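Asker: Generate a structure from the sequence data that follows.
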Amino acid sequence: MELTDGKIIFELPVFAFLVAIILSTIIAIYTIRFSASRPAKKGNISIIEPFNQTLITSALESSENPIIITDLSGNIFFANQSFSDLTGYTLPEILGKNPRELIRSGRHSKDFYNNMWNTILSGKSWSGEFINRRKDGRIYHEETTISPVHDSLGQVRYFIAIKKDISQRKDKEIFLQKSEQKFRSIFTNHSAIMMLIDPNSGLIIDANQAAVNFYGYSGDELKTMYIHQINQLDPELLEKQRQNAKQTNKNYFIFPHRLKSGVIRIVEVHSSPIEVDGEVLLFSIVHDITERNQLEEKLRKIAVTDDLTELANRRQFFKLGNIEFARAQRTASELSVIMTDADHFKSVNDQFGHAAGDAALKMIAACFLENLRVYDIPGRIGGEEFGIILPNVEKEKAAEIAERIRISIQNTDVDYNGKTFSITMSFGIADSRTKVENFEKLLQIADEKMYQAKTNGRNQVQT
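Answerer: Residues are numbered from 1 along each chain as shown. Just a heads-up that it's a prediction; the model follows:
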């Protein structure tokens, strides 16, 4: 209950309380009137009649809830101003009339009214919703509680109806219902993959036909599954992502999803919380981006990889070198670099052709990978010149690795177009114990060592 502009507003949960007060007051007054012809006795209820009359007048007239009191036929002999305001009729137009003459809209069946009358005539209260019509013809919705008023002998004498205008609420409900119907139509028929997911458990509440077609499960199967049975992300990380989507902290994700066939597809998921039938769910729209992802990965690889040898290209090699150099400086760890160049490579191209030279460069790259760790970084810097970054390796160990690679290349023949030949390479090494300010300077020192190796006869390692 709250007080607004001097009027009391009763919410529906306190209707019963208000009815009880008013009914007890009416019964008291009714009893007084029937006992007025008898001599008053000490303690007789008539001594509080003025209080009861004041109470009922105040309770009824000050309530912002529309209230009417009728006789057993439904004819109105009391109505407050709120009922007049609601219906548009003046009090003189209301009194003595039956509600069916004033506000009945024709929206309810005969059985609806029969049920109401049977209930209140049996002495019980009735609660329900009416769709009524104002004086100007406009339709409105009201919640009503009708209670019978008994006399001192227990006979029903009057009916009191307490009402509440719920038109705005019903309009909102109708709007939401239409919105949900529209959503349901879009959800069911859209060509995009759509699912409704319980944000707490991950249970798939619903899935449209596009989801059925994509995942290969029937609709009934999907609605018994949890999203982690499809999403191949780590379950703990998936739970964190689901909560992010629920809280709208993040609503865009890239996930690997497994189809019923076992095939993994990369999907882009847009997921946001929505309310469906009074329940907050995650509305997820899924796009299959497997081919796009493969193309993007291919483009990323092209951007950082030498297309002939598939080693890091010059730009990527220097980028990773700067990162490793900074890490080594920050952590005071070892870092070695190797510069190497094919010996007399021009003669290979001149004698066997450039295609044969390309085959030799591929062989060199293969020998690198066979003799390096997965986190070492070989790269083609240009032509027949290569570099190798060795994190956490001192110069002495780097020399052993370079020697192993040198022997591997020397002992590997290149077969091309029926011709067989071999090549050798010269190596220079520098490490981070050399006091230089950046990766480029360190690589320059290794390059100088490599040219010393060439000057000293080639096919050797120089530290």
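Asker: Let me see the ranges of the helices in the stretch 51-200 of the chain.
Answerer: 81-87, 91-94, 99-102, 110-121, 167-189 (DSSP state H, counting those that start in this stretch).
Asker: Dump the ones you listed into a markdown table; add mean pLDDT and distance to Arg138 as well.
Answerer: (Glycine included, C-beta is placed from N, CA and C.) Shown next, in a markdown table, are those (pLDDT from 0 to 100; distance: least, CB to CB, whole Å):
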| stretch | mean pLDDT | distance to Arg138 |
| --- | --- | --- |
| helix 81-87 | 93 | 10 |
| helix 91-94 | 94 | 17 |
| helix 99-102 | 93 | 14 |
| helix 110-121 | 94 | 21 |
| helix 167-189 | 79 | 9 |
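Asker: now these as CSV including distance to Phe318 and mean neighbour count?
Answerer: CSV is the format used below for those (distance: least, CB to CB, whole Å; neighbours: other CB atoms under 10 Å):
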stretch, distance to Phe318, mean neighbour count
helix 81-87, 80, 20
helix 91-94, 91, 14
helix 99-102, 89, 15
helix 110-121, 83, 13
helix 167-189, 51, 12
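Asker: Reformat the ones you listed into TSV and put distance to Asn200 next to each item.
Answerer: Shown next, in TSV, are those (distance: least, CB to CB, whole Å):
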stretch	distance to Asn200
helix 81-87	43
helix 91-94	52
helix 99-102	48
helix 110-121	40
helix 167-189	21
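Asker: From the chain's centroid, how far away is stretch 346-356?
Answerer: Counting by CA atoms, centre = their mean, to the nearest Å, stretch 346-356 is centred 60 Å from the centre of its parent chain.
Asker: buried stuff in it?
Answerer: 348, 352, 356 (16 or more other CB atoms under 10 Å).
Asker: Would you confirm that the first one contacts Leu361?
Answerer: No. With the criterion set as CB atoms under 8 Å, Val348 and Leu361 do not qualify as a contacting pair; they are 9.8 Å apart.
Asker: Distance check, the residue nearest to Lys124 when sequence neighbours are not counted against Pro378.
Answerer: Distance criterion CB to CB, 6 or more residues apart in numbering; nearest residue to Lys124, sequence neighbours excluded, is Pro148 at 7.3 Å. As judged by CB to CB, to the nearest Å, Pro148 and Pro378 stand 95 Å apart.
Asker: Pretty sure the residue nearest to Lys124 sits against Tyr158.
Answerer: Yes. Between Pro148 and Tyr158 there is a contact under CB under 8 Å: 7.5 Å.
Asker: what does the domain assignment say about the protein?
Answerer: Domain assignment for the chain, taken from automatic domain parsing, gives 2-165, 172-290, 305-462.
Asker: looking at those domains, which is closest to Glu296?
Answerer: domain 172-290 (8.6 Å; CB to CB).
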